[in-house]
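In: Sequence below, structure please.
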Amino acid sequence: MAEEIRLQPERKYMERALELAQHAAALGEVPVGAVIVHKPTGVIIGEGWNLRETEKSPLAHAELMAIEAASKRLGGWRIVDSALYVTLEPCPMCCGGILHARLDDVIFGAYDEKSGSVCSVQRMFAFPYNHHPQITGGFMEEECAGVLKDFFRELRQKKKESQKRWRREMSRAQERVLAEDTSPLDAV
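Out: Sure, this is the predicted structure:
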């Protein structure tokens, strides 16, 4: 029986996934990026970034977009001899896509305490499915988590500024109404 050789993750692929995450953020999407690498050649065969808001689709996750692109490039649904690099721990839906695509390796950056299904909320790949990818979690975690933290901090700040602007506008509108109020009671 041949000895299984474990993949040593490479920074350049996660750095590309981070670039795709930044692209998603520029579109106003949650910044998650993914690339699929054909391991024997080192060629990126699929890329994706979150497009849920843009596409108005709950299915438009970075991982599924990358899987779709790799499948089209390879001309089939099995994406063997390949590794997925993704900036955030995959959710249950994306783990299902990974299983069905038969990806060999999953390398993710930031852990997702709310819906991560590789190891945070559940261990999807530990169930008795007919495929079990090798997992590397927390690869370049600080950089990957930083992109998400920056995005949500900026989003909260924009929301706060919007609320302040709304309050100012409502206050001005109320002052105008009070200044223009010429009800009959004022004449008495």
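
In: Helix or strand for I36, just tell me which one.
Out: Following DSSP states H and E, the helix or strand that holds I36 is strand 33-38.

In: Who does that strand pair with, and is each partner parallel or antiparallel?
Out: Next to strand 33-38 in the sheet, as set by DSSP bridges, lie strand 43-49 (antiparallel), strand 82-88 (antiparallel).

In: Could you list the buried residues of whatever helix or strand comes next after the first one?
Out: Reading on from strand 43-49 to the C-terminus, the next helix or strand found by DSSP H and E is helix 52-55. By neighbour count with 16 or more other CB atoms under 10 Å, helix 52-55 contains the buried residues R52. For the C-beta atoms, the positions are set from N, CA and C on the backbone; glycine is no exception.

In: again with stretch 65-84
Out: M65, A66, I67, E68, A69, A70, S71, L74, I79, S82, A83, L84.

In: hey, C-alpha coordinates of that stretch in PDB?
Out: Provided in PDB are the C-alpha atoms of stretch 65-84 (Å, rounded to 0.1, in the frame of the first residue of the first chain):
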ATOM      1  CA  MET A  65     -18.000  29.300  -7.200                       C
ATOM      2  CA  ALA A  66     -14.500  27.900  -7.300                       C
ATOM      3  CA  ILE A  67     -15.800  24.300  -7.500                       C
ATOM      4  CA  GLU A  68     -18.000  25.200 -10.400                       C
ATOM      5  CA  ALA A  69     -15.200  26.900 -12.200                       C
ATOM      6  CA  ALA A  70     -12.800  24.000 -11.700                       C
ATOM      7  CA  SER A  71     -15.500  21.500 -12.800                       C
ATOM      8  CA  LYS A  72     -16.000  23.400 -16.000                       C
ATOM      9  CA  ARG A  73     -12.300  23.700 -16.700                       C
ATOM     10  CA  LEU A  74     -11.800  20.000 -16.100                       C
ATOM     11  CA  GLY A  75     -14.900  19.000 -17.900                       C
ATOM     12  CA  GLY A  76     -16.300  16.900 -15.100                       C
ATOM     13  CA  TRP A  77     -17.700  16.900 -11.600                       C
ATOM     14  CA  ARG A  78     -14.800  15.100 -10.000                       C
ATOM     15  CA  ILE A  79     -12.000  17.400  -9.000                       C
ATOM     16  CA  VAL A  80      -9.400  14.900  -8.000                       C
ATOM     17  CA  ASP A  81      -5.700  15.600  -7.200                       C
ATOM     18  CA  SER A  82      -6.700  19.000  -6.100                       C
ATOM     19  CA  ALA A  83      -6.700  21.200  -3.000                       C
ATOM     20  CA  LEU A  84      -9.200  24.000  -2.000                       C
END
